[in-house]
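In: Generate coordinates for the sequence data below:
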Amino acid sequence: MAKTIIPAPGGIAIVEPKAALNHANSQINDVPTSFTILQQKPTPTASFRPATDGVRVVTAAEYKEAAMCLAEAFAEDDVARYFIDVPDREHWSEEEKWNLHVEILEYVTYAHILKGLVTTIGDFGAVALWMPPGQNMDDMWTIFRSGMWRLNYRLSTEGKRRFFNEFLPLLHDVKHGVLGDRDDESWYLVYIGTRPSAARNGYARKLIEHVTNQADREGRPCYLESSNPVNPTIYRKFGFEERRSVHLQRAEKNVQLDIMVREPVSQEKKLNGVKNRT
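Out: Numbers count the residues shown, from 1 in each chain. Model prediction:
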């Protein structure tokens, strides 16, 4: 995900009246909900400079295109599939599993449009989902508006155990344990992915640096979890360093997540680095 992975941390317990459950099941593939969401503006977040170098902010009307980019990027990712490839969904076809995979990413993408920062480059060649300092997706209104609440009904029994009881609490606790008092002060790279057809264009680099440059100006750390064993080497080039590894343990094999943090770089240090290269 690069993973980086699914949503912002925090356990979620949703209780709906029976009438609401029936209504939810009848509209399970609609995103957003029946409320007029697209006309509402996302909650203001940290001050952010306009997109440059081909990077732009994704609008609410474009959430499906952004989600599809991520779905293609993480089609075979162990963490993205962790909630779908479960024993009690073995009878599902690959098409049904793919549709749920896309659905999950639509909810997550829309939630980040509402409360975070979603950027893209090219014709949705790559997409990044960031959660700015002081923001999260845990409030019920964001969960409802984005459609995230539907996961309580769309995931299987085992999928819900993995997502709500294992995955989200683990990410929440580990992030706080690694960053401590700086948890709410960090930029959180939740997801970044490049379409296979758009690889080798430097898109991921531009999306990452678009925010890390901002984080440097603010003097803030950046945080991510990587589910691909190849990616830590790439992230180190952007200043991220491994802090620890954690594992999801309910599948047939343990799924590893590498926790990485990038400390802010001063402008003076950046200038010195440029001088040294020249």
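
In: From here on, just use CA atoms for contacts and neighbour counts.
Out: Will do.

In: what ranges do the strands span in the stretch 101-250 of the chain?
Out: Using DSSP state E, counting those that start in this stretch, the strands assigned to the stretch 101-250 of the chain run over residues 117-121, 126-131, 187-194, 222-226, 240-248.

In: and these, which is most packed in?
Out: Across the strands of the stretch 101-250 of the chain, averaging neighbours per residue (mean count of other Cα atoms under 10 Å) puts strand 126-131 on top, at a mean of 29.

In: I'd like the distance from that one to the chain centre, please.
Out: 7 Å (Cα atoms, centre = their mean, to the nearest Å).

In: now for it, which elements pack on it?
Out: helix 63-73, helix 94-115, strand 117-121, strand 187-194, helix 203-218 (3 or more Cα pairs under 8 Å, 6 or more residues apart in numbering; DSSP states H and E).

In: I'd like to know which of these lies nearest to residue 256.
Out: Closest to residue 256 of those is strand 187-194 (Cα to Cα; 15.8 Å).

In: Could you spell out the sheet neighbours of the closest one, each with its direction?
Out: Strand pairing for strand 187-194, determined by DSSP bridges: strand 126-131 (antiparallel), strand 222-226 (parallel).

In: In JSON lines, list the ones you listed along with distance to residue 84.
Out: Shown next, in JSON lines, are the strands paired with strand 187-194 (distance: least, Cα to Cα, whole Å):
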{"stretch": "strand 126-131", "distance to residue 84": "21"}
{"stretch": "strand 222-226", "distance to residue 84": "19"}
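
In: Nearest to residue 159 among the helices and strands packed on strand 126-131 would be which one?
Out: helix 94-115 (11.5 Å).

In: Which one, of the strands of the stretch 101-250 of the chain, ends up nearest to residue 163?
Out: strand 240-248 (10.1 Å).

In: Name the residues that touch the closest one?
Out: 166-167, 178, 222, 232, 235, 254-263 (Cα atoms under 8 Å, 6 or more residues apart in numbering).

In: Show the backbone phi and psi for residue 85.
Out: phi -80, psi 80 (degrees, to the nearest 10).

In: Leaving out chain neighbours, which residue sits closest to it?
Out: In space, and not counting its chain neighbours, residue 85 is closest to residue 97: 7.8 Å by Cα to Cα, 6 or more residues apart in numbering.

In: Out of the contacts of strand 240-248, which one has the weakest pLDDT?
Out: Of all the contacts of strand 240-248, residue 254 carries the smallest pLDDT score, 92.

In: For that one, give me its contacts.
Out: Counted by Cα under 8 Å, 6+ apart, residue 254 has contacts 247, 248.

In: before we move on, what about residue 185?
Out: 133, 134, 220, 221.

In: ok, and the most crowded of those?
Out: residue 221 (22 neighbours; other Cα atoms under 10 Å).
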